[in-house]
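[1] Predicted structure and sequence below. I'll ask about it afterward.
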Amino acid sequence: MKRFIIPLITVVAVLGIIFAGCVPGAAPEAPPVAPPEAPPEAPPVAPPEAPPEAPPVEEWPGVVVDEWKIPSLCGMTGPYAAIGMDITWCYEWAVDQVNAAGGVEGKPIVLETHDDESEPTRAAAEISKVIDWALVVLGPWDGEPMRGAMPIAIEEGLYCMNDCAGVDFCVEYQPWALSMLPRNEEFFPMGVKAWLKQEPDIEKICCICPERADELRLSEAAMAGAEEMGVEVEWVEFPTDIVDFGAPAVKALATEAQGFWFGGYPGACVKIFMEMKNRGALQDNSKVCVGWHMDTPDWWETAAGYMEGVYCINPLGVSEDPGWLAFSEWKVETHDVEAFAWNAPEIDEVFLIKQCFEDLKITGDPAKLEEERIAIRDYMNNVEDFDGIVGTYSIVNGVASGSVYLQRSEDDMFVIIGKVDPEGNLLPLD
């Protein structure tokens with residue numbers, strides 16, 4: 001009996017399990033649902049990179065010289081000695097003004113004068129003395145010394161401020177030459193036409209001129225205006241080493257011209273003028289006209305009291321600017337000579353050096369001589385609205401802008417009577 005108990009129990013258990021699984025309504029348990037997977041984490045975003053640092057700006061090392069030595073080339077002896085000395089006085093006054101105002105970046109300008117005798121060989125020798133160290137040169141002012149000095153300056157990359165020479169002389173040396181005057185070939189014809197319109201009874205002009213290329217060139221430009229007006233021109237030329245001033249005076253009067261143009265060598269021309277006056281044949285000074293380059297101490301000293309009514313053509317107009325008045329007063333007190341309109345370019349050149357050096361932060365470092373010379377050249381060749389001593393003007397491609405004025409002598413000085421337009425008409429002054 002015992003041996004059946006365990007198997008019976010096992011059978012009953014198995015049947016019970018089967019029976020339970022067949023009971024209606026009993027659903028099997030759903031398998032467990034796995035929770036949704038979390039989205040993968042986004043990779044970390046790197047912070048934006050800082051912009052690269054700008055390379056450090058090289059600080060201006062400052063001026064390395066104790067003074068600014070500026071050479072000038074001027075004919076203080078020779079045929080234009082009076083003009084050369086006068087130009088030098090202008091430089092000296094302007095330098096004093098700059099230095100009194102603190103100099104250039106706190107350093108004074110020292111003017112080193114060189115006499116080129118208005119002669120090319122001497123000019124070449126003088127510029128050779130400064131070629132190794134000068135940053136810029138004041139002058140030479142005349143065409144003849146330019147022919148000697150400028151080829152050397154160009155070869156060595158040295159910029160020259162040629163003040164009164166005029167662009168006609170400077171053009172072949174640009175961009176290394178600055179002209180502080182407009183073209184003679186433009187303003188002289190305009191001025192002569194204006195003179196002839198004031199004196200319409202002039203039918204013939206005698207052009208009295210030295211046998212020197214530069215003066216002949218200026219006079220040819222002036223006489224082009226006369227020819228444009230239908231006025232006849234006859235020439236009387238004299239040698240540059242003239243000693244007999246009566247001979248050209250007689251020749252000039254023999255032309256029976258009604259008008260007379262004096263075209264250069266002021267010291268010689270004024271003596272010819274006085275020979276004509278002394279012969280009693282030149283009674284009406286309104287029939288005489290000169291260019292701005294004849295407005296010199298030679299004329300006023302030799303012909304004092306005889307100049308009333310003489311006309312002058314000038315591309316420079318003086319003003320009531322306080323600086324100009326101060327210069328005029330200084331010149332009379334110091335040298336007993338009146339200020340001339342063409343003194344303005346020389347003064348402005350010194351002021352332009354100060355502006356240029358400070359704007360460019362020139363150092364004067366000999367190791368930077370070549371690059372600083374080029375920077376000075378490029379700056380000075382194009383300057384907008386430069387505040388000059390007698391007015392504001394611009395320099396474009398190495399040529400200063402300007403107007404043309406007709407002047408007339410009154411009480412031993414030239415006074416502006418009007419601004420001139422291209423046709424020779426007088427315009428009211430600004």
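    Cool, got the structure.
[2] where does this protein dip in pLDDT?
    Within the chain, the segments meeting pLDDT under 70 span 1-60, 163-168, 318, 430.
[3] quick one: buried residues of the longest helix seen in it?
    Longest helix in the chain by number of residues, with DSSP state H as the criterion: helix 81-100. Buried residues in helix 81-100, counted by 16 or more other CB atoms under 10 Å: 81-95, 97-99. Where C-beta positions appear, they are placed from N, C-alpha and C, glycine not excepted.
[4] what does stretch 275-282 give?
    Applying 16+ other CB under 10 Å to stretch 275-282 flags E275, M276, K277, L282 as buried.
[5] Could you do stretch 304-314 as well?
    Y306, M307, V310, Y311, C312, I313, N314.
[6] which other residues reach that stretch?
    187-188, 191-192, 194-195, 198, 222, 273-274, 277, 284-286, 288-292, 294-295, 299-300, 341-342, 404-412, 414, 416, 420 (CB atoms under 8 Å, 6 or more residues apart in numbering).
[7] Same question for stretch 414-425.
    Residues contacting stretch 414-425 (CB under 8 Å, 6+ apart): 187, 190-194, 196-197, 225, 229, 295, 312-314, 317-318, 341, 403-409, 426-430.
[8] burial count for D201?
    Around D201 sit 9 other residues, with neighbours defined as other CB atoms under 10 Å.
[9] Contact partners for it?
    With CB under 8 Å, 6+ apart, D201 has these contacts: Q258.
[10] what secondary structure does it sit in?
    With DSSP: H, G, I helix; E, B strand; the rest coil as the basis, D201 sits in coil.
[11] next one: T392
    Assigned with three-state DSSP, T392 falls in the strand class.
[12] what's the spacing between it and K204?
    Remark: distance between T392 and K204 (CB to CB, to the nearest Å) = 41 Å.
[13] Between those two, which is the more surrounded one?
    K204 (14 against 10).
[14] so what's that one up against?
    With contact taken as CB under 8 Å, 6+ apart, K204 is in contact with V231, E232, V233, E234, T255, E256, A257, Q258, G259.
[15] of those, buried ones?
    With neighbours counted by 16+ other CB under 10 Å, those contain buried members at V231, V233, T255, A257, Q258, G259.
[16] residues touching D116, list them.
    L73, C74, G75, R122, A123, E126, G139, P140, P145, G148, A149.
[17] Going through these, which ones are buried?
    For those, a burial check counting by 16+ other CB under 10 Å picks out L73, C74, G75, R122, A123, E126, G139, P140, P145, G148, A149.
[18] of all those, which two lie farthest apart?
    Distances among those were taken as CB to CB; the most separated pair is C74 and G148, at 13.6 Å.
[19] quick check: domain ranges of this structure?
    Domain assignment for the chain by automatic domain parsing gives 68-182+320-397, 185-314+405-427.
[20] mind checking which of those domains is nearest G62?
    Taking CB to CB, domain 68-182+320-397 is the member of those nearest to G62, at 6.9 Å.
[21] end-to-end on that closest one?
    26 Å (CA to CA, to the nearest Å).
[22] likewise stretch 150-170?
    First-to-last residue span, stretch 150-170, CA to CA: 9 Å.
[23] what's the offset of it from the middle of its chain?
    12 Å (CA atoms, centre = their mean, to the nearest Å).
[24] next one: the helix or strand following the longest helix of the chain to chain centre, how far?
    Going down the chain from helix 81-100, the next helix or strand is strand 109-115, by DSSP states H and E. Taking CA atoms, centre = their mean, the mean C-alpha location of strand 109-115 is offset from the chain mean by 20 Å.
[25] packing partners for strand 109-115?
    For strand 109-115, the contact count by 3 or more CB pairs under 8 Å, 6 or more residues apart in numbering; DSSP states H and E identifies strand 68-74, helix 81-100, helix 120-128, helix 343-360 as packing neighbours.
[26] go with 10 Å
    strand 68-74, helix 81-100, helix 120-128, strand 136-138, helix 343-360 (3 or more CB pairs under 10 Å, 6 or more residues apart in numbering; DSSP states H and E).
[27] For K107, find the nearest of these.
    K107 lies closest to strand 68-74 among these, at 5.7 Å (CB to CB).
[28] what residues are shared contacts of C74 and G148?
    Residues touching both C74 and G148 by CB atoms under 10 Å, 6 or more residues apart in numbering: D116, A123, E126, P140.
[29] Quick check: nearest residue in space to the last one, chain neighbours excluded?
    If I follow you right, that is P140. L73 (4.2 Å; CB to CB, 6 or more residues apart in numbering).
[30] Contact partners for the one you found?
    L73 sits next to 84, 87, 113-116, 118, 122-123, 126-127, 129-130, 137-142, 145-146, 148-149, 153, 160, 162 when contact means CB under 10 Å, 6+ apart.
[31] Show me what it is bridged to.
    L73 forms beta bridges with H114, as assigned by DSSP bridges.
[32] And the helices in the protein?
    Using DSSP H, helices in the chain cover 5-21, 81-100, 120-128, 143-156, 167-170, 184-198, 213-228, 246-254, 266-278, 297-302, 322-335, 343-360, 369-380.
[33] Tabulate the ones you listed in CSV, adding columns for distance to W68.
    Converted to CSV, the helices of the chain look like this (distance: least, CB to CB, whole Å):
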stretch, distance to W68
helix 5-21, 116
helix 81-100, 9
helix 120-128, 18
helix 143-156, 19
helix 167-170, 24
helix 184-198, 32
helix 213-228, 31
helix 246-254, 46
helix 266-278, 33
helix 297-302, 29
helix 322-335, 21
helix 343-360, 7
helix 369-380, 12
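[34] surely G102 meets I109?
    No. In this structure, G102 is not within contact of I109 by CB atoms under 10 Å, at 11.1 Å.
[35] If you count surrounding residues, which of the two has more?
    I109 (21 against 11).
[36] The residue nearest to E126 when sequence neighbours are not counted: neighbour count?
    Distance criterion CB to CB, 6+ apart; nearest residue to E126, sequence neighbours excluded, is H114 at 4.0 Å. Using other CB under 10 Å, H114 has 21 neighbouring residues.
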